[in-house]
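Undergrad: Following is a predicted model, sequence given first.
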Amino acid sequence: MGGHGPQREYRPRWGCIKMAVLNYRSLLGRIKAAQKTQQITKTMQMVSASRLKKSHERLSHAKPYFEGIKTVLSHLQNTGTDLSHPFFEAKAEKAIAVVVVTSDRGLCGAYNTNIISFAERLLEKQVDGKAELILIGKKGDDYFKKREWPVFLRHLDLAGKTDFLRISQITNELTQAYLSGRFDAVHIIYTAYKSAMSLKPTASRLLPLEHIGAGPRVGPQAVKTYLEPSGGAILDRLLPMFIASKIYVSLMEAFTAENSARMIAMKNATDNAKEMIRNLTLLRNKARQAAITKELLEIVTAGEALKG
């Protein structure tokens, strides 16, 4: 009437507003989930840092003992006395034992993947011979039990804690198998700890031992050394202690490297969660702004329609 056409019925676009609200709520849920994850990874990072400090202290205390035994053996070998022992007899490595040290728990980045890949490369070189595994750590056991390599021993409950009695037990099992002729050589593969940012898979031969003498043999004019009760008896007692201490130091390095790798992995996860929260917050703000803009447009449109 009055020159105006029929008024159009205004129907607000509630669907658009509803979708915006749902998107906003979804982003809120994702932000809360990321915040919870960040709290967990931050806590694990702090726990790993504390364990790293303790394991590094134990490693620092263990090395002087190992170096002390090594010095004594070096002195014995440099006395000019003919010291022979089965642990020094080199053999053709037709049958070997490989000690693989992995972790019992995950969430430590590429720590286990690197050491397992390193071990597989060493085992592949043993094509014509025989190799058996001594697995320390559940992650290595989970991997190799699905492979063709036979397992001689498993020790899956150390959980990053080194007990010298347990280490002595492992040493006895290895040395007895070596002396019985089952193995021609025993190697250990572990992650060497140089610093928190320098973790490197390393292989070391435990048996047979290399001659440790660091200096030239003593000449005939030097003071003669008498060994009591005998050189062989001393080596029988000292060499197992040397091997046990070498395994102990290797395990301490591996556990220290594990704590370092887990601390770094959790720090990276915390940083990633922080970045995700920042990005989701931006999206949430944009979604809220879009919802408000749409609502204002609906109100303005409604007002214009009523005027018409």
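TA: Received it, and whenever you're ready, just let me know what you need.

Undergrad: contacts and neighbour counts: CA atoms only from here.
TA: OK.

Undergrad: can you give me the strands in the stretch 51-200 of the chain?
TA: Taking DSSP state E, counting those that start in this stretch as the test, the strands found in the stretch 51-200 of the chain are 95-101, 130-136, 151-155, 185-195, 198-207.

Undergrad: The fourth one packs against which elements?
TA: Spelled out, that is strand 185-195. Other elements packing on strand 185-195 under the criterion 3 or more Cα pairs under 8 Å, 6 or more residues apart in numbering; DSSP states H and E are strand 95-101, helix 111-124, helix 164-179, strand 198-207, helix 231-307.

Undergrad: among these, which is the most enclosed?
TA: Ranked by mean neighbour count, the helices and strands packed on strand 185-195 are led by strand 95-101 with a mean of 25 (mean count of other Cα atoms under 10 Å).

Undergrad: picking that back up, indicate which one of the strands of the stretch 51-200 of the chain is closest to A110.
TA: Nearest to A110 among the strands of the stretch 51-200 of the chain is strand 198-207 (10.5 Å), distances taken as Cα to Cα.

Undergrad: Could you list the paired strands of the closest one along with their orientation?
TA: With DSSP bridges as the test, strand 198-207 is paired with strand 185-195 (antiparallel).

Undergrad: The strand it pairs with: which residues count as buried?
TA: For strand 185-195, the neighbour count (16 or more other Cα atoms under 10 Å) marks 185-193 as buried.

Undergrad: Let me know the angle separating that strand from strand 95-101.
TA: Relative orientation of strand 185-195 and strand 95-101, computed by axes from the mean of the first three to the mean of the last three Cα atoms, to 10 degrees: 30 degrees.

Undergrad: re the thing from before, how about the helices and strands packed on strand 185-195 in JSON lines, adding mean pLDDT and distance to K139?
TA: Output for the helices and strands packed on strand 185-195, formatted as JSON lines (pLDDT from 0 to 100; distance: least, Cα to Cα, whole Å):
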{"stretch": "strand 95-101", "mean pLDDT": "94", "distance to K139": "9"}
{"stretch": "helix 111-124", "mean pLDDT": "93", "distance to K139": "7"}
{"stretch": "helix 164-179", "mean pLDDT": "89", "distance to K139": "19"}
{"stretch": "strand 198-207", "mean pLDDT": "92", "distance to K139": "15"}
{"stretch": "helix 231-307", "mean pLDDT": "88", "distance to K139": "12"}
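
Undergrad: Which among those is found nearest to K54?
TA: Between K54 and these, the tightest spacing by Cα to Cα is seen for helix 231-307, at 8.6 Å.

Undergrad: Which other helices and strands does the closest one contact?
TA: Helices and strands touching helix 231-307, by 3+ Cα pairs under 8 Å, 6+ apart, are helix 14-77, helix 164-179, strand 185-195, strand 198-207.

Undergrad: Please render those as JSON lines that adds distance to N112 to the earlier fields.
TA: As requested, the helices and strands packed on helix 231-307 are arranged in JSON lines below (distance: least, Cα to Cα, whole Å):
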{"stretch": "helix 14-77", "distance to N112": "16"}
{"stretch": "helix 164-179", "distance to N112": "21"}
{"stretch": "strand 185-195", "distance to N112": "9"}
{"stretch": "strand 198-207", "distance to N112": "10"}
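
Undergrad: How far off centre is stretch 195-204?
TA: Distance of stretch 195-204 from the chain centroid (Cα atoms, centre = their mean, to the nearest Å) equals 10 Å.

Undergrad: same check, this time on stretch 184-202
TA: Chain-centre distance of stretch 184-202: 11 Å, with Cα atoms, centre = their mean.
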